[in-house]
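> what would the 3D arrangement of this be:
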Amino acid sequence: MAKEMIYSAQAPEPIGPYSQAIKVGNLLFISGQVAIQKPAGNLITGNIVDETHQVMKNLSAILKAAGMDFSHVVKSTIFLKDMNAFPKVNEVYGSYFTDMPPARETVEVSRLPKDVNVEISCIAMQ
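Just a heads-up that it's a prediction; the model follows:
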């Protein structure tokens with residue numbers, strides 16, 4: 001089965017040797033997204049609510065490039081710099097899933113790329 005690279009000009013450029021997403025068959029694997037705004041490239045880190053909304057917007061742009069939306073997400077992983085931010089992140093995250101939210105885990109990590117507070121990756125199925 002062939003791999004297809006998925007790219008959205010509306011989401012941040014990868015900051016390392018990886019793709020925004022890879023599609024294999026009907027599965028889409030989206031790399032962890034942080035709160036970088038396109039096209040300016042501004043990084044949002046001052047407010048966890050705004051930061052999480054930007055992460056979700058970046059995920060949405062990549063899903064859209066693959067012809068999908070949040071209803072196609074079957075699994076996600078949330079990485080948090082501080083688990084005390086979980087209630088606010090969870091509220092924002094939950095607002096993007098109106099029906100049948102995906103399976104998920106949330107983990108606290110010691111450090112994230114660009115010293116952000118939240119990073120989210122996901123797997124979607126068409």
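
> residues in contact with the longest helix along the chain: which ones?
Counting by DSSP state H, the longest helix found in the chain is helix 48-65. With contact meaning C-beta atoms under 8 Å, 6 or more residues apart in numbering, helix 48-65 is reached by 6-8, 10-12, 20-21, 28, 30, 33-38, 44-45, 69-70, 72-73, 85, 88-89, 91-93, 96, 116-120, 122, 124. The C-beta positions use only the backbone N, C-alpha and C, and glycine is treated the same way.

> now stretch 75-88
Counting by C-beta under 8 Å, 6+ apart, 32, 48-49, 52, 89, 93, 102-112, 115-123 sit against stretch 75-88.

> quick one, strands of the chain?
Assigned by DSSP state E, the strands in the chain fall at 3-6, 21-24, 27-33, 73-80, 103-108, 118-125.

> if we can go back for a sec, list only buried entries from the contacts of helix 48-65.
6, 8, 11-12, 20-21, 28, 30, 33-36, 38, 44-45, 70, 72-73, 85, 89, 92-93, 96, 116-120, 122, 124 (16 or more other C-beta atoms under 10 Å).
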